[in-house]
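Visitor: A structural model of the following input is requested.
(2 chains)
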Amino acid sequence: MGLAKAKVPFSGTPEQEKQLLEVIAEKKGEKGALMPILQKAQEIYGYLPIEVQTIISNETGIPLEKIYGVVTFYAQFSLNPKGKYKISVCLGTACYVKGAGDIYDKLQEKLGIAGGECTADGKFSLEACRCIGACGLAPVLTVNEDVFGRLTADDVDDILAKYAD
Amino acid sequence: MENLTVKVNGVEVSVPKGTTVLEAAHIAGIEIPTLCYMKEINEIGACRICITEVNEGRGFRLVAGCVYPCTDGMEIRTNTPNVIDSRRKTLELILSTHERKCLSCVRSGNCELQTLANELGVEMEDNYDGETNKYEIDDSAAHMYRDNNKCILCRRCVAVCEKTQGIGVIGANERGFKTFIGSAFDMGLGDTSCVSCGQCIAVCPTGAIAEKDYTTEVLAAIADPEKHVIVQTAPAVRAALGECFDMPIGTNVEGKMVTALRLLGFDKVFDTDFAADLTIMEESTEFINRVKNGGKLPLITSCSPGWIKYCEHYFPDMIDNLSSCKSPQQMFGATAKTFYAEKMGIDPKNIVMVSIMPCTAKKFEIGRDDQNAAGVPDVDFALTTRELGRMIKRAGINFTALNDGKFDEPLGISTGAAVIFGATGGVMEAALRTAVHTLTGADVVDFPEVRGTEGIKEATYKVGDLDVKVAVASGLSNANELLTKVQNGEADYHFIEIMGCPGGCVNGGGQPQQPATVRNFTDLRAERAKALYDQDAAMPVRKSHENPAVKAVYDEFFGEPGSHKAHEILHTSYVKRTINK
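Guide: Got it, this is the predicted structure:
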């Protein structure tokens, strides 16, 4: 089946909700309002969990399934928050032929999450990206702004250990 | 209207402006196959099975015939090797991800995909074998399951749920190869605000969605000597069951149905129509009381469990407007397990009440709270018309050759007012026949303003000193439109009939499926309803209050309509629900 609910508990604030309601009030009734509302909502919350989509559904009258269908259709929308440490594994051609797939698999196994998800403690999120222009270092991954290159799957434990705090 | 001239395979036909290639071909005697297209329900031109060659002066090219409009002088070719080859390739690609378990599939024999594979001469069903998606079956809802392994993503179910019914609890999730039809956040259908109407099942071309089948359990009960197994049949079933046996749409098969049920071994074959008359007695009494005593108006009918659940989710502030009457199915079960059990000296626990319904929401209704007058469920099994068709076939009964049987007494006696319950406006008309008589003593049987398949109908009738304003809606988008007007104060009625399915129960989600090739050019609602109105017109007793069996049950058991005992047994309560959890 499709994507499960976010593993991280929702921690939206009243301020965020107020902002979202203002956006909805402004756009509601316009033709094609759903996309801009979703884009703004993702700016406000960083992602679009069921709690946020339910607010949008209740306020606009658009069925929740329709909203979910749009969110899962477009790659720009995320059902999961980004972690404190955002791990991106390059699956571009050069990295992929150098074994980035194994590294990506190892990270999913170690973190207990699938690509696109965030660990329940909010610490690590994992995603695949395309070429980041460091093919000479392939295979490459980034953790926030830090770049790690010439990796093997065995390096994964050491990298995660650097972000123990 | 302006006419266009087009040529279909060289034969000239004149068609009105706005006609599609598919419709022009139909006029010329050719059916263009469709999978996603179903008239007025899903017109998206997505599946490309209807591909047809047209020439508008610049040479022949392939277009989607289902939605492509004719232009004057257009040449249409429906049958060239190019067309057939294109359709066959498209079909083979669809089949490549379709779980081909045709031998055990519930739709085998009336599957639109299977028929098409046959007609197009698909020789290799595994021409494009490769990666496939595996889906778990969603059986979380009381009335149906979804098996996406058989889904071809035509989106008819999505369209009927969202547009016709205004609900939208199913849709396309993800994209590309990973696309599947489901509910938000992988919720099971049973966790959503699905109202169980089953219109999605009625339009599905394959076996991807179907009602939960209880025929095996029913046959086991019949075989159990300890059990007294009785059956009731809803009005609309007799107008459609014949379609399971290739009889013409709109054939009334009441007599054959009764004989078949007897051959299946039911101890008594009764008629929900009896309880429809009972409903009228209770509901017209409730209506008159509310009018006289300043009760909550408009009063809204409660026969349709799909509508009831819709009201609870989408108009929770209006549940006090709902009639407290149980639906005829439940009134029947409640009467059978109290009055009839007592009269026959049978422990209600040993009665198995089976109902045959044009409806899937009835499967949800039997499990509702406050539907157990005798301390046991009023109804034990609610089967669809389709399930009955299956049971009859399994038993080897030669349905079309059967003689006409008669319902058992006393719970098989009914009137013309009851049989029209199966069509939109029928409950209203039946109630008016009795209410007018009660209030004025007049005998009126025809209320033509509330007949017909229109989505919303309104009328005002002078009854004594009162101008009674009534409205009738069928299909839940229409119900929404009507009730929104009532809530906004733009409309004002005394009495409203609402049926969950467009056209009423004759077009219910439990009725035999007709393929798009039929539905695109036949109004099932009108054809089946005609069978019921014809029966009404031919019946000696056409008003519920004149039903002798209903009179007797009040004399012997309930006292009078609206009595304390009637309330305990024949009435129920509702709950407020939300759209999103």
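Visitor: Is the residue of chain A most remote from its centre in a helix, a strand, or coil?
Guide: Of all residues in chain A, A:Gly29 has its C-alpha farthest from the mean position, at 29.1 Å, by Cα atoms, centre = their mean. Assigned state for A:Gly29: coil (three-state reduction, DSSP: H, G, I helix; E, B strand; the rest coil).
Visitor: so what's it up against?
Guide: A:Gly29 makes no contacts at all, as judged by Cβ atoms under 8 Å, 6 or more residues apart in numbering or on different chains. Heads up, the C-betas are built off the backbone N, CA and C, glycines and all.
Visitor: if I look at it, how far off is A:Gly61?
Guide: Separation of A:Gly29 from A:Gly61 (Cβ to Cβ, to the nearest Å): 10 Å.
Visitor: Contact partners for whatever residue of chain B ends up closest to chain A?
Guide: Closest approach between chain B and chain A, counting by Cβ to the nearest Cβ: B:Gly168, at 3.3 Å. By Cβ under 8 Å, 6+ apart, B:Gly168 lies in contact with A:63, A:65-66, B:158, B:161-162.
Visitor: Kindly report the same for B:Arg146.
Guide: Here B:Arg146 is in contact with B:137-138, B:181-182, B:189, B:208-209 (criterion: Cβ under 8 Å, 6+ apart).
Visitor: so what's the residue positioned nearest the centre of chain B closest to, chain neighbours aside?
Guide: Nearest to the geometric centre of chain B sits B:Gly508, at 0.3 Å (Cα atoms, centre = their mean). Closest residue to B:Gly508 apart from its sequence neighbours, by Cβ to Cβ, 6 or more residues apart in numbering or on different chains: B:Pro358 at 3.5 Å.
Visitor: quick one, phi psi at the one you found?
Guide: Main-chain dihedrals, B:Pro358, degrees, to the nearest 10: phi -80, psi 20.
Visitor: quick one, what contacts it?
Guide: Residues counted as contacts of B:Pro358 (Cβ under 8 Å, 6+ apart) are B:234, B:236-237, B:240, B:384-385, B:422, B:505-506, B:508-511.
Visitor: out of those, who has the most neighbours?
Guide: Highest neighbour count within those, by other Cβ atoms under 10 Å in any protein chain shown: B:Cys505, with 35 neighbours.
Visitor: hmm, the host helix or strand of A:Val70 touching chain B?
Guide: Using DSSP states H and E, A:Val70 maps to helix A:64-73. Yes. For helix A:64-73, a contact with chain B is found by Cβ under 8 Å from any Cβ of the partner chain, at A:64-69, A:72-73.
Visitor: hmm, back to that, wait, the residue nearest to the centre of chain B sits on B:Pro235?
Guide: No. The criterion here is Cβ atoms under 8 Å, and B:Gly508 misses it with B:Pro235 at 10.7 Å.
Visitor: Could you pick out the residues of chain B near chain A for me?
Guide: So far as Cβ under 8 Å from any Cβ goes, chain B lies against chain A at B:135-136, B:162, B:167-175, B:178, B:180, B:182-186, B:192, B:579-581.
Visitor: give the contact list for residue 16.
Guide: In the absence of a named chain, this looks at chain A. So A:Gln16 contacts A:44-45 (Cβ under 8 Å, 6+ apart).
Visitor: I was thinking of chain B, sorry if that wasn't clear
Guide: Contact analysis of B:Pro16 by Cβ under 8 Å, 6+ apart lists B:1-4.
Visitor: Looking only at stretch B:197-215, what residues are buried by neighbour count?
Guide: Within stretch B:197-215, the residues that count as buried by 16 or more other Cβ atoms under 10 Å in any protein chain shown are B:197-211, B:213-215.
Visitor: neighbours around A:Glu65, how many?
Guide: 28.
Visitor: Which residues are in contact with it?
Guide: For A:Glu65, the contact set (Cβ under 8 Å, 6+ apart) comprises B:168-171, B:173, B:182-184, B:192.
Visitor: Report the buried members of these.
Guide: Among these, those classed as buried by 16+ other Cβ under 10 Å are B:168-171, B:173, B:182-184, B:192.
Visitor: okay, and for chain B, where does confidence drop off?
Guide: By pLDDT under 70, chain B has no low-scoring segment.
Visitor: Select the longest helix from it.
Guide: The single longest helix within chain B, with elements called by DSSP state H, is helix B:272-292.
Visitor: ok so, going back, okay, and which of the contacts of B:Pro16 map to strands?
Guide: Of those, the ones assigned to strands by DSSP state E are B:3-4.
Visitor: can you pick the most crowded of the contacts of B:Pro16?
Guide: For those, counting by other Cβ under 10 Å, the largest number of neighbours falls to B:Leu4: 18 neighbours.
Visitor: distance of it from B:Cys70?
Guide: The gap separating B:Leu4 from B:Cys70 is 5 Å, by Cβ to Cβ.
Visitor: Make sure B:Thr259 is indeed in a strand.
Guide: No. B:Thr259 is assigned helix when assessed by three-state DSSP, not a strand.
Visitor: what about it, neighbour count?
Guide: 19.
Visitor: Leaving aside the residues adjacent along the chain, what's closest to it?
Guide: Nearest residue to B:Thr259, sequence neighbours excluded (Cβ to Cβ, 6+ apart): B:Gly405, at 3.8 Å.
Visitor: May I have the host helix or strand of B:Ser355 exported as CSV, CA atoms only?
Guide: In the assignment (DSSP H and E), B:Ser355 maps to strand B:351-357. The C-alpha coordinates for strand B:351-357 follow below in CSV (Å, rounded to 0.1, in the frame of the first residue of the first chain):
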residue,chain,number,x,y,z
ILE,B,351,-35.3,-17.7,13.9
VAL,B,352,-32.8,-16.8,11.2
MET,B,353,-34.0,-13.7,9.4
VAL,B,354,-32.5,-13.3,5.9
SER,B,355,-33.2,-10.3,3.8
ILE,B,356,-32.7,-9.9,0.1
MET,B,357,-31.9,-6.3,-0.6
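Visitor: Using CSV, list the CA coordinates for the helix or strand that it is followed by.
Guide: Note on strand B:351-357: by DSSP H and E, the next helix or strand toward the C-terminus is helix B:361-365. Provided in CSV are the C-alpha atoms of helix B:361-365 (Å, rounded to 0.1, in the frame of the first residue of the first chain):
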residue,chain,number,x,y,z
ALA,B,361,-25.7,-0.5,3.2
LYS,B,362,-28.3,-3.0,4.6
LYS,B,363,-25.3,-5.1,5.6
PHE,B,364,-24.1,-2.2,7.7
GLU,B,365,-27.6,-1.5,9.0
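Visitor: mind listing what's buried in helix B:361-365?
Guide: Across helix B:361-365, burial judged by 16+ other Cβ under 10 Å covers B:361-365.
Visitor: And stretch A:148-160, by the same measure?
Guide: By neighbour count, with 16+ other Cβ under 10 Å as the criterion, the buried positions of stretch A:148-160 are A:148-149, A:151, A:153, A:155-156, A:159-160.
Visitor: what does stretch B:84-92 give?
Guide: Buried residues in stretch B:84-92 (16+ other Cβ under 10 Å): B:86-92.
Visitor: and residue 63, how many neighbours?
Guide: All of this is about chain A. Burial of A:Pro63 is recorded as 24 neighbouring residues (other Cβ under 10 Å).
Visitor: Actually, chain B is the one I wanted.
Guide: B:Val63 has 19 neighbouring residues, counting by other Cβ under 10 Å.
Visitor: Quick one: residues in contact with the helix or strand containing it.
Guide: Using DSSP H and E, B:Val63 maps to strand B:60-64. For strand B:60-64, contacts defined as Cβ under 8 Å, 6+ apart pick out B:21, B:45, B:48, B:50-55, B:75, B:77, B:82-83, B:86.
Visitor: Quick one: buried ones out of the residues you listed?
Guide: Buried members of the contacts of strand B:60-64, counted by 16+ other Cβ under 10 Å: B:21, B:45, B:48, B:50-54, B:75, B:77, B:83, B:86.
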